[in-house]
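**Student:** One predicted model, sequence on top.
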Amino acid sequence: LATSRPELRERNPTFAATTDDASSIALPPLDRGQGERLLDSLLAGAPLSDAVRDDLLARAEGNPLYLEQLSLHLRTGGSTILPDTLQSLLAARLDTLPPPERRVLQEAAVVGRIFWEQPLRDALPEERLSARLSVLERRGFVVRRPTSSLPGQNELSFRHALLHDAAYESLPRARQARAHAAVGRWLEDLAGDRLDEVADLLAHHFWSACNSRAAGLAWDDEAQREAVRKQAHAYLIRAGVAAGRRFATDRALELHNRARELATGRDELLNTLEVLAEDHDSVYRGDESAALYREAIELADVEPSQPSAHSRLCRKLAWEMVWSPGAFASSPDPADVDELVAAAMATVDDEAERAWLQLIDGASARLYRGSEPFGQGTRWDPRPIGERIEVAEQAVVTGKALGRADLVTHGEHALAMLYGMAGRFADAITQGWRRVEGLGPESTRLEQCDAYRKLAFDLITINAEFEQGLALARRAYELARNSSPHALMHTTLPVMTALFHLGRWDELVPLIDEHASAFRAEPALECQFVRDGPVIGAIVLTLLGRFDEAEDLAALVGDPLSDLEKASAWQARYAVICGDPQTARTISGDKVLERRNHSPQHALALVEALAALHDWKQLIVFLDHARSAVDGNALLAPVADRAEAQALLAQGDETAAASTFQRALQRFRELGTPWEEARTLEALADVLPAADADAARRAALAMYEHLGVMRVESPAPAIARSRDDRQ
């Protein structure tokens, strides 16, 4: 149960609109009768003239909080001259408090909307605190909470956020600053070695202490002010890092930008720039991250006596370029990576850092042409992929010898990618499982999300293990839901892909909107994990007969013929389904020969394009090549069988066509792909006896109806045609 203002609907018109499990209840202002009943309850029989009663109801304008506070104001001895605004009313209520109670309330406001007794006892040692708090409870300012978020501490809260704000603003600025610092020190002592659990609170209090407009008046001694500033900076950094681990990147950026405002000296500024760069990197904002890293690298160059910072920063930027090229507006130039690696190697004095640089050298293969969906370089790698793999493998060996889990984990992940590029698909899957199984409590949400979604992607696209891939992809999706649009799209793509193949399009359609909304927020056109989502959505909507929506989705990623380097196998398949197999042939014709990780996906698209074009001669020639790539795409085997059966049928060999169709049908059933099964059944019907043919067509039609397919008379190869038309 949650409350919101009406503006929520204006900002998010589709909120809760796609589910029967949520409903909204409008809460209009109280009418006159409701206001009177509430007023009678609040006054508990206290006498009130009709004029004052009417004034109360008129001023409240149906707002129950305002009516409550007005009633409490009168019951506790406030003037019958009623304040005009809620804020002035709350200030007037504070003025009715005796000075001791008012001071307790003010000190409590420094702690927060939720507060604890102990820091108040420290601030007001001479006061009878329990008695003062009881008075504040009776007068409706605070309430005791049944449990406490801090073990062993009595916890209370202000009745309303506006009450808290009014009490806080009534405290002199200099006292605010000193009180925040005192609460911060109390939290430090209380937390002991568990500071990360309260890092955000510590950052808030020390930041408020040194950022106050009267902080200069709070401490006469410059050393005291500097000590508070240092604590504020340190806790802002610490709290931001903790927020980043939770995927709360906006909060991390807010805290770290505050730290940048407070940073003085080279070391503090370097540290702040580095964590800010990491924040942007974690949500795939490559250009923003790179600018911060370069600023830090330039600053580190000024201090050559400390080379470790320079080499570390160069390494981190180079790794971001090779690991997340799709996060940049344009795919990074591998020459820039080579330059960063060389600069770091010239100053590195640590064996682990040197191994990291070796790993980057190996992984930079993805920035060259032919490594889709990881990079979209314009030239071929001058070094063989085997050499890149050897360098990365040596880095992992070094990481294991040094006990560097971070280096080993990322190294094995890089090897999974490199093995895929080399066509060693089984090794890529093995490495992916190794990374997932190595996740532990210390793994950040980003690391977990990345491991799950990349293994899911490989299981789906390589092994056609759609159910298992979907389970892992959903785990990644749940981890990424509250992160950046780019990170969200990384996880919606494998979920959408698995659901497409499994025929669970009713679950897929809501994800289309989610992915498209994220795409419009962050149209990262260099990243294939981002680009393919709208295309899969366009395929599904086309098959469901929602053609205009499909065209709009496909247009988000542009015309594939205008940039063939970026055109994907999904775009080729979309072209076939839309009746343009020649475009599919143009997209995939060369990429199937590159023998990279994306080639088996393009092989499938080209098989379907050739069948749709009825280019049986070229299809038969290509099928041997296609079947040699099935270890990189298990779905390719039955697709090739179905296309071969169509070619055999076109040549008049119905017996061979029937057995080949049956082989394809059996494999599609084993994989659990109902749309492919329906297409194959429909094609098989052309070579079956009449009674069996009718049964096959009815079964295919039932599957189409279950999927919601509205247009089956497409040029796709599995659509049945009469023998006369086929001839």
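**Tutor:** Structure's in. What do you need?
**Student:** Phi, psi for Val143 please.
**Tutor:** Val143 adopts backbone torsions of phi -140, psi 150, taken as degrees, to the nearest 10.
**Student:** hang on, I meant Arg504
**Tutor:** phi -100, psi 60.
**Student:** Same check on Trp116?
**Tutor:** phi -130, psi 160.
**Student:** Enumerate the beta-bridge partners assigned to it.
**Tutor:** Glu155 (DSSP bridges).
**Student:** That one contacts Pro151, correct?
**Tutor:** No. Using Cβ atoms under 8 Å, Trp116 is not in contact with Pro151, being 10.9 Å away. Where C-beta positions appear, they are placed from N, C-alpha and C, glycine not excepted.
**Student:** Break down the stretch 551-700 of the chain into its helices, ranges please.
**Tutor:** 569-577, 581-588, 599-612, 616-627, 636-650, 654-671, 674-684, 690-707 (DSSP state H, counting those that start in this stretch).
**Student:** can you list those helices in TSV and add mean pLDDT, distance to Arg178 and mean neighbour count?
**Tutor:** Below are those laid out as TSV (pLDDT from 0 to 100; distance: least, Cβ to Cβ, whole Å; neighbours: other Cβ atoms under 10 Å):
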stretch	mean pLDDT	distance to Arg178	mean neighbour count
helix 569-577	96	61	26
helix 581-588	96	67	22
helix 599-612	95	64	27
helix 616-627	95	75	16
helix 636-650	97	71	24
helix 654-671	96	69	18
helix 674-684	96	69	25
helix 690-707	93	68	15
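**Student:** Okay, now the unreliable bits of the stretch 301-450 of the chain?
**Tutor:** 303-306, 370-376 (pLDDT under 70).
**Student:** before we move on, what about the stretch 151-300 of the chain?
**Tutor:** Judged by pLDDT under 70, the stretches of the stretch 151-300 of the chain that qualify are 212-216.
**Student:** all helices of it, in order?
**Tutor:** Using DSSP H, counting those that start in this stretch, helices in the stretch 151-300 of the chain cover 161-169, 173-191, 199-211, 215-218, 222-245, 249-262, 266-282, 286-301.
**Student:** winner for burial among those helices?
**Tutor:** helix 199-211 (a mean of 23; mean count of other Cβ atoms under 10 Å).
**Student:** In CSV, list the C-alpha atoms belonging to it.
**Tutor:** The C-alpha trace of helix 199-211 is given here as CSV (Å, rounded to 0.1, in the frame of the first residue of the first chain):
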residue,chain,number,x,y,z
ALA,A,199,27.8,5.2,6.3
ASP,A,200,25.0,7.1,4.7
LEU,A,201,23.9,8.6,8.0
LEU,A,202,27.5,9.5,8.9
ALA,A,203,27.9,11.2,5.5
HIS,A,204,24.7,13.2,6.0
HIS,A,205,25.6,14.4,9.5
PHE,A,206,29.2,15.4,8.7
TRP,A,207,28.3,17.0,5.4
SER,A,208,25.5,19.0,7.1
ALA,A,209,28.0,20.0,9.8
CYS,A,210,30.6,21.4,7.4
ASN,A,211,28.2,22.6,4.7
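**Student:** Residues contacting it, please?
**Tutor:** 112, 176-178, 180-181, 183-184, 187-188, 191, 195, 215, 218, 225, 228-229, 231-232, 235-236, 238-240, 242-243, 251, 255, 258, 262 (Cβ atoms under 8 Å, 6 or more residues apart in numbering).
**Student:** Also stretch 457-476?
**Tutor:** Counting by Cβ under 8 Å, 6+ apart, 416, 420, 425, 428-429, 432, 436, 448-450, 452-453, 455-456, 490-491, 493-495, 497-499, 501-502, 529, 600-601, 631-635, 671-673 sit against stretch 457-476.
**Student:** how does it look with 7 Å?
**Tutor:** Stretch 457-476 is contacted from outside by 425, 428-429, 432, 449, 452-453, 455-456, 491, 494-495, 497-499, 501-502, 601, 632-635, 671-672, using Cβ atoms under 7 Å, 6 or more residues apart in numbering.
**Student:** how far is that stretch from where the chain is centred?
**Tutor:** 18 Å (Cα atoms, centre = their mean, to the nearest Å).
**Student:** Include distance to Asp287 when you put the helices of the stretch 551-700 of the chain into CSV, please.
**Tutor:** Below are those laid out as CSV (distance: least, Cβ to Cβ, whole Å):
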stretch, distance to Asp287
helix 569-577, 25
helix 581-588, 28
helix 599-612, 28
helix 616-627, 39
helix 636-650, 37
helix 654-671, 40
helix 674-684, 39
helix 690-707, 41
